[in-house]
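Asks: give me a 3D structure for the following:
(one chain, ligands or ions: 2)
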Amino acid sequence: MSINSTNYKSNIRLENILIIGNGGRENSLAWVIQKNQLVKKVYLIPGNAGSERINKCERIKIDINNKNELIGKLNFLKIDLIVIGPEIPLANGLADFLRKNDFKVFGPGKDGARLEYSKSWAKEFMQDANIPTANFWKVNTLEEAKKIIHSSPSPLVVKADGLASGKGVFIPDSKDECFRAAESILNGKFGESGNMVVLEEKIQGPEVSVFALCDGERYILLPTAQDHKRLNEKDKGPNTGGMGAYSPAPLLTEDYLNRIIKEIIEPTIDQLNKKNIDYKGVIYFGLMITKSGPKVIEYNCRFGDPECQTIMPLMDQNFVFLLEKCSMGNLNGDEKINTSDKVSGCVIATSRGYPFEYKTGFPIKIGKIDSNDCQIFDSGTSLSKDGELLTDGGRVLSIVCQDKNFDMVFEKAYKNLKEINFDGIYYRNDIGNQVRKNFYKEN
Ligand code: AMP
Ligand code: GLY
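Replies: Numbers count the residues shown, from 1 in each chain. Ligands and ions are numbered 1, 2, ... in the order given. Have a look, this model is predicted:
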């Protein structure tokens with residue numbers, strides 16, 4: 001990383017870092033942060049069983065909603081930097097609260113998190129700034145929804161306005177299904193998150209994820225990534241949080257990325273500034289590359305999961321400096337991230353039944369792992385009383401590998417997966433098919 005780290009590190013204290021969240025994303029952040037020599041300890045609230053296998057890491061049991069206890073604990077631990085992983089605490093204003101208590105925080109305040117927690121707000125934000133996105137209508141009654149669905153030439157995408165753990169988006173094939181989706185949302189399927197419905201024109205093209213680390217004014221981009229949202233091979237089955245990812249995404253050439261910067265990233269940051277939103281955190285641009293150019297499908301106010309697990313092993317030990325600089329509004333904007341010259345891929349092992357109902361508590365057996373440029377980040381695990389590793393979530397493990405090319409990356413990842421077993425283990429065998437030689441050649 002060509003941020004001048006020698007000068008930079010003499011001025012800051014980064015001994016004790018806190019990460020909030022309990023998934024593979026937070027474990028991969030902890031893993032890259034602890035690489036820095038200045039860092040003595042990385043605490044996770046609440047983390048998961050895998051957090052404890054990461055060097056310098058310790059889990060803390062505390063309810064983040066108990067504000068007095070939280071502040072007391074963070075002062076006691078002399079926390080120098082806090083990184084907030086998931087969207088819910090961000091949407092609830094945790095970053096604002098911690099900043100008011102004089103902590104350095106990487107993560108936007110409630111105003112910035114609105115990019116994710118209100119889809120209608122984000123769509124109007126894009127419309128006002130002329131940022132390319134699918135046409136949309138926001139409605140709060142079924143009558144209005146029906147009128148728009150009727151008059152549209154083809155079925156529309158139907159979304160709950162608020163947070164719905166990735167389950168609030170419907171892509172119906174018929175107008176009838178559109179009505180039913182709108183009705184179920186407005187009837188309270190997602191509680192208050194469904195008080196408003198956003199109807200969107202259905203657009204087409206491959207999806208890519210772009211991440212900008214922002215300090216309120218300036219930004220730098222992480223390597224791009226592509227994730228695999230559908231549960232089954234050949235992109236069939238229901239949407240999930242993400243079944244695997246690879247980085248960088250060769251689909252985005254430098255020229256194309258420059259176009260995205262000009263048409264999407266810079267206008268987004270300008271618009272945040274216009275609205276007096278001091279955004280200190282990561283903006284996740286979920287993009288679709290359509291025939292008429294890149295369009296924003298969604299913004300998120302956090303790192304993607306599993307994109308984060310995939311990208312972090314490409315970062316060097318100075319990554320934590322970037323997070324700190326963002327938290328302080330100190331980016332120069334010309335920092336170059338010195339990524340490894342390797343590429344990275346991640347396959348998620350899930351519990352049978354995910355993304356719907358699934359059972360947990362099954363012992364996880366891990367055999368002989370090739371750990372050379374491979375990481376296993378726990379996504380949903382716990383320990384039994386006897387210290388045995390157990391499944392404890394829909395997404396259980398993130399198997400991440402790096403190598404010279406994607407064929408080698410996924411060969412290693414799948415070889416390692418053969419060494420991992422638990423009752424009901426499921427994963428896609430075609431993660432990275434777009435970048436593996438001759439995969440699906442028959443099609
Ligand atoms: P979101 O949570 O808004 O990212 O939506 C989840 C997924 O639904 C996206 O990753 C896309 O695959 C799909 N999607 C969302 N909006 C649209 C749209 N307007 N047209 C086509 N597909 C969409
Ligand atoms: N991988 C998609 C997400 O984090 O929302």
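
Asks: hey, let's count contacts and neighbours off CA atoms from now on
Replies: OK.

Asks: so N65 sits in a helix?
Replies: No: assessed with DSSP: H, G, I helix; E, B strand; the rest coil, N65 is coil; it does not lie in a helix.

Asks: what's the neighbour count on it?
Replies: By the measure other C-alpha atoms under 10 Å, the count of residues near N65 is 11.

Asks: before we move on, what about the one 4 residues further on?
Replies: In terms of burial, E69 registers 12 neighbours under the definition other C-alpha under 10 Å.

Asks: any idea which element it lies in?
Replies: Per DSSP states H and E, E69 falls inside helix 67-76.

Asks: other residues contacting the next helix or strand after that helix?
Replies: Note on helix 67-76: by DSSP H and E, the next helix or strand toward the C-terminus is strand 81-84. With contact meaning C-alpha atoms under 8 Å, 6 or more residues apart in numbering, strand 81-84 is reached by 14, 16-21, 90, 95, 103-107, 323-324.

Asks: relative to the whole chain's centre, how far out is strand 81-84?
Replies: Computed by C-alpha atoms, centre = their mean, to the nearest Å, the chain-centroid distance of strand 81-84 equals 15 Å.

Asks: Three-state assignment for L213, please.
Replies: The three-state assignment at L213 reads strand, by three-state DSSP.

Asks: that one - how many residues pack around it?
Replies: L213 sits with 27 neighbouring residues when counted by other C-alpha under 10 Å.

Asks: residues making contact with the strand ranked longest in the chain?
Replies: Counting by DSSP state E, the longest strand found in the chain is strand 280-290. Applying C-alpha under 8 Å, 6+ apart, the contact partners of strand 280-290 are 105-109, 203-216, 294-304, 323, 326-329.

Asks: stretch 32-41 now?
Replies: 9, 13-17, 42, 55-58, 312-313, 315-320.

Asks: buried sites along stretch 29-49?
Replies: 29-36, 38-39, 41-49 (16 or more other C-alpha atoms under 10 Å).

Asks: circling back: just give me how far the longest strand of the chain sits from the chain centre.
Replies: Computed by C-alpha atoms, centre = their mean, the chain-centroid distance of strand 280-290 equals 10 Å.

Asks: was I right to think C346 contacts I399?
Replies: Yes: between C346 and I399 there is a contact under C-alpha atoms under 8 Å: 5.4 Å.

Asks: contacts only, for the closest residue to ligand 2 within the stretch 51-200 of the chain.
Replies: Across the stretch 51-200 of the chain, the shortest distance to ligand 2 (C-alpha to the nearest ligand atom) belongs to G166, at 6.9 Å. Counting by C-alpha under 8 Å, 6+ apart, G166 touches 240-241.

Asks: what about it, which helix or strand?
Replies: Assigned by DSSP H and E, G166 belongs to no helix or strand.

Asks: and whatever residue of the chain ends up closest to ligand 1, what is it in contact with?
Replies: Closest contact between the chain and ligand 1, by C-alpha to the nearest ligand atom, is at K202 (3.5 Å). Contacts for K202 (C-alpha under 8 Å, 6+ apart) come out as 134, 155-157, 171.
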